[in-house]
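**Student:** build me a model:
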Amino acid sequence: MKGADRVELSIEDLRKICTPENIELTMHAAKRLEQRGILLKDVIACILNGEIIEQYPSDYPHPSVLILGMSMGKKYLHTVIGSDLSTLWIVTAYFPDLSKWESDFKTRKE
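**Tutor:** Numbers count the residues shown, from 1 in each chain. Okay, here's the model as predicted:
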């Protein structure tokens, strides 16, 4: 995809391919998830029950999104995912911090 061809990802499209065999963890994501005690099943739950709160259509090499969802333990979770609509690359995941996010965890504080 070239710049002008970039499209926004939809949560429905991401859910369709959200299976362990279609998920790739970047080295950065693997390290961060381990540090934060976040399991792959938490990330999958976030994608399956969450909503896209930010779009990054011009990210390279694939468009990416920030998803707000819930972990298996019912904690709010943010997951950043890039996708070419056949693979999901987990960029990072974290439990949102109220010092940086409004109480809805969808709105960044200025």
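**Student:** doesn't residue 78 belong to a helix?
**Tutor:** No: read with DSSP: H, G, I helix; E, B strand; the rest coil, residue 78 is strand and lies in no helix.
**Student:** any idea how far it is from residue 97?
**Tutor:** 10 Å (Cβ to Cβ, to the nearest Å). Every C-beta, even on glycine, is put in place using the N, C-alpha and C of the backbone.
**Student:** between these two, who's got more neighbours?
**Tutor:** Taking other Cβ atoms under 10 Å, residue 78 and residue 97 do not tie; residue 78 has more neighbours (21 against 10).
**Student:** chain neighbours aside, what residue packs nearest to that one?
**Tutor:** Spatial nearest neighbour of residue 78, chain neighbours left out: residue 96 (5.1 Å); criterion: Cβ to Cβ, 6 or more residues apart in numbering.
**Student:** and for residue 11?
**Tutor:** residue 52 (5.2 Å).
**Student:** coming back round to it: measure how buried the residue nearest to residue 78 is and give me the count.
**Tutor:** Other residues close to residue 96 by other Cβ under 10 Å number 19.
**Student:** how about the helices in this structure?
**Tutor:** For the chain, the helices defined by DSSP state H occupy 11-16, 27-36, 40-49.
**Student:** who touches the last one?
**Tutor:** Residues lying outside helix 40-49 but in contact with it, judged by Cβ atoms under 8 Å, 6 or more residues apart in numbering, are 11, 14-15, 18, 20, 23, 25, 33, 67-73, 77-79, 81, 88, 90, 93.
**Student:** what's the PyMOL line that selects buried ones from those residues?
**Tutor:** A single PyMOL command selects the buried members of the contacts of helix 40-49 (16 or more other Cβ atoms under 10 Å):
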select buried, resi 11+14+18+23+25+33+67+68+69+71+77+78+79+81+88+90+93
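**Student:** okay, the helices of the chain in CSV with distance to residue 56 and mean pLDDT next?
**Tutor:** Shown next, in CSV, are those (distance: least, Cβ to Cβ, whole Å; pLDDT from 0 to 100):
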stretch, distance to residue 56, mean pLDDT
helix 11-16, 13, 97
helix 27-36, 15, 94
helix 40-49, 16, 96
